[in-house]
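*Asks:* the following comprises the amino acid sequence and a computationally predicted model.
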Amino acid sequence: MILTPHARRLYQAYARRDTHLATHLTTTHPDAETELLTWGLIDTPHTPGQPLPAVRDPHTAIQRHTDHLLATAEQQVAALRALPALSAQLGTAYEEVNVRAGGSAVYLDDPAVVNARLQDIVSTAGREILAAQPGGPRSRDLLEVAVVRDMAALDRGVELRTIYRDTVRDHAVTAEYARTMSARVAGRSAQYRTLAGHFERMIIVDREQAVISDHIVAGSPPHAAWLVTDPAVVAVLARVFETEWLRGRPWAGQLRARRGDARDTVGAAGVAGVRTTRRQREIMRNLCGGFSQSSTARRLGVSERKVELEVAGLKGLWGVSTMNELIYQWAQSPDCRVDDSAPAAGPAGAEGEAAA
């Protein structure tokens, strides 16, 4: 920093022993004397009633200050030169998280790491965020955080599409969030669809990175996930999302009209009149999603005979004989409103939610 005009005038006043001007400057511009002390142009501050401080040779003082600035600049240049190596070193540690498969997928089982990675890739999205979130309704705290983050992405021109489980249509808080995000007056709006059947959790950013649930590591925790960067795999995941998107029903936050008040479907205990088991409900969601009984059996990891027996029991439960009648009765029942998924640990939409 160059010596200010006030400091220069004060130096001249001290050199000329102009007490009147020196007093005026130190009173109105006290920083000027501090500059002279810092530069070594005087040794002591002026004390009222005492003689003015003696000035030092400016050539020596300025050379000393110059040497100090050069040394500081050299340190900063050295730090700048070291940054690429530091970035590479820390980047290696950042990428080597637990298990690496083929250099294109990273296994994440620490919830803090999962959410941090999600925050990183979502906050840098430049074109598109695709999110399939089967975890059911979200809490108000998570949605309030999500609104700020999603608004920022939309303001950047990012396309935001999210698939939710059909039960969010009965959840007032999630519906309010969807209405807010899909009815923006200025800029881009978010798009939402819902599915009644099973679908996989995934978040795809710019079709370059994807976070998906773990189905490989034995005994992995529910929130474990894989960060995938292989272009071919991410392209396939995007195709899967687009297929599910076409199956979904558009949703802009409208609450589903039902007899009585809409309920927050957080589990069987929260919905009155439920008569089905968790497995029966999962079978019905698959059947409503267009899967055959044999496909449903494979998806649930049970025998086809087991599914046939469960379907027969469901038909008896509602007193019907055809599949169409069963699906109709199921759609009208409180059982259809039960969300059997575990509560999500992360924010809503395409934001940082652990890929459980």
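*Replies:* Received it, and whenever you're ready, just let me know what you need. Residues are numbered from 1 along each chain as shown.

*Asks:* show me the strands in this protein, by range?
*Replies:* For the chain, applying DSSP state E gives strands covering 99-101, 105-108, 128-133, 159-165, 191-195, 202-205, 209-213, 225-228, 249-251.

*Asks:* from these, which stretch is densest packed?
*Replies:* Most buried of the strands of the chain, by mean neighbour count (mean count of other Cβ atoms under 10 Å): strand 202-205, with a mean of 26. The way it works is simple: take the backbone N, C-alpha and C, and place the C-beta from them, glycine included.

*Asks:* so what strands line up beside that strand?
*Replies:* strand 128-133 (antiparallel), strand 209-213 (antiparallel) (DSSP bridges).

*Asks:* so the longest one versus strand 191-195, what angle?
*Replies:* Taking axes from the mean of the first three to the mean of the last three Cα atoms, to 10 degrees, strand 128-133 and strand 191-195 form an angle of 30 degrees between their directions.

*Asks:* and strand 128-133, C-alpha only, in PDB?
*Replies:* Output of strand 128-133 as PDB, limited to C-alpha atoms (Å, rounded to 0.1, in the frame of the first residue of the first chain):
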ATOM      1  CA  GLU A 128     -30.200 -30.400 -15.100                       C
ATOM      2  CA  ILE A 129     -31.000 -32.200 -11.900                       C
ATOM      3  CA  LEU A 130     -33.100 -35.400 -12.100                       C
ATOM      4  CA  ALA A 131     -34.200 -36.900  -8.800                       C
ATOM      5  CA  ALA A 132     -36.200 -40.100  -8.000                       C
ATOM      6  CA  GLN A 133     -37.100 -39.900  -4.300                       C
END
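
*Asks:* average pLDDT for that strand?
*Replies:* In this model, strand 128-133 has a mean pLDDT of 94.

*Asks:* tell me how far that strand lies from the chain's centre.
*Replies:* 12 Å (Cα atoms, centre = their mean, to the nearest Å).

*Asks:* same deal with the shortest one?
*Replies:* Once both centres are worked out by Cα atoms, centre = their mean, strand 209-213 turns out to sit 13 Å from its chain's centre.

*Asks:* stretch 241-250 now?
*Replies:* Distance, centroid of stretch 241-250 to centroid of chain: 23 Å (Cα atoms, centre = their mean).

*Asks:* what does it rub up against?
*Replies:* Stretch 241-250 is contacted from outside by 130, 132, 161, 163, 166, 191-195, 199, 202, 204, 289-290, using Cβ atoms under 8 Å, 6 or more residues apart in numbering.

*Asks:* from those, which shows the smallest pLDDT?
*Replies:* Gly289 (81).

*Asks:* and the spatially closest residue to that residue that is not a sequence neighbour, what does it touch?
*Replies:* Spatial nearest neighbour of Gly289, excluding adjacent residues (Cβ to Cβ, 6 or more residues apart in numbering): Gly197 at 2.2 Å. By Cβ under 8 Å, 6+ apart, the residues touching Gly197 are 285-291.

*Asks:* so what's Leu108 scoring on pLDDT?
*Replies:* 88.

*Asks:* ok, so what distance separates it from Asp170?
*Replies:* 32 Å (Cβ to Cβ, to the nearest Å).

*Asks:* likewise His46?
*Replies:* 77 Å.

*Asks:* now do Cys336
*Replies:* For Cys336 relative to Asp170 (Cβ to Cβ), the value is 10 Å.
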